[in-house]
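# Please work out how this folds:
(one chain, ligands or ions: 1)
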Amino acid sequence: FTSCDKEEETKDTDPTLYERLGEQAAIEAVVDQFITNVAADTRINSFFATTDIPRLKRLLVEQICQATGGPCEYTGRDMKSSHAGLGITTDDFNALVEDLVAALDEFNVPAAEQTELLGILGPLAPDIIEE
Ligand code: HEM
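Down below sits the predicted model:
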């Protein structure tokens, strides 16, 4: 049973969503594309007119890495203070999610992993939307 023993030693827990997404480099690539999509999205790009985009990108990667079980620590502000006063509506939120899904599609992230990631981000909506 040597092969079984080895299997148990190396694979005794299911891979995290972080691992299934392809770890740091893949998350960075998706976030890059996501930000490109948002920048081109005239429904919502005006929100980001004065935003420090490299900083936002770094924080989004940290946040997704940490939330999916990766070895990162999110160093940004909480979602309520980050978005306070911006007047983000449900339509704005849905537009941003569309831009994220388009980025995930572009990198061929499978439906199960997409659903799982959106299941983590979706519950943040009440802290982000003000209407
Ligand atoms: C689940 C959805 C979202 C997540 C995970 C998210 C995440 C973040 C993060 C991590 C930051 C940086 C926090 C910091 O500055 O310390 C941020 C900032 C920001 N977010 Fe979001 N966000 C979401 C939805 C939205 C939506 C829907 C909009 C507008 C359409 C938006 C607009 C902004 C803007 C404009 C900033 C920068 C604010 C500033 O420069 O002070 N976000 N967001």
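
# How about the contacts made by whichever residue of the chain sits closest to the ligand?
For the chain and the ligand, the shortest gap (Cβ to the nearest ligand atom) falls at residue 76, measuring 3.1 Å. Heads up, the C-betas are built off the backbone N, CA and C, glycines and all. Shown in contact with residue 76 (Cβ atoms under 8 Å, 6 or more residues apart in numbering): 59, 62, 63, 82.

# So which of those is the closest to residue 28?
Nearest to residue 28 among the contacts of residue 76, counting by Cβ to Cβ, is residue 62 at 10.6 Å.

# For that closest one, give me the pLDDT.
Looking at residue 62, its pLDDT stands at 98.

# Next: residue 51.
Looking at residue 51, its pLDDT stands at 97.

# Could you list the contact residues of this structure toward the ligand?
Within reach of the ligand by Cβ under 6 Å from any ligand atom, the chain has these residues: 44, 47-48, 51, 56, 59-60, 63, 76-77, 82-83, 86, 88, 92-93, 96, 121, 124, 128.

# Pull up the distance across stretch 77-97, start to finish.
This stretch, stretch 77-97, spans 20 Å end to end (Cα to Cα, to the nearest Å).

# Of all the residues in that stretch, which ones are buried?
By neighbour count on 16 or more other Cβ atoms under 10 Å, the buried set for stretch 77-97 is 79, 83, 88, 92, 93, 95, 96.

# One more: stretch 59-77?
59, 60, 61, 62, 63, 64, 65, 67, 68, 70, 72.

# Surely residue 44 touches residue 38?
Yes. At 6.4 Å, residue 44 counts as touching residue 38 under the criterion of Cβ atoms under 8 Å.

# out of these two, which sits in the busier spot?
Between residue 44 and residue 38, residue 38 has the larger neighbour count (other Cβ atoms under 10 Å), namely 23 against 19.

# who touches that one in this structure?
Contacts of residue 38 by Cβ under 8 Å, 6+ apart are 44, 45, 48, 96, 99.
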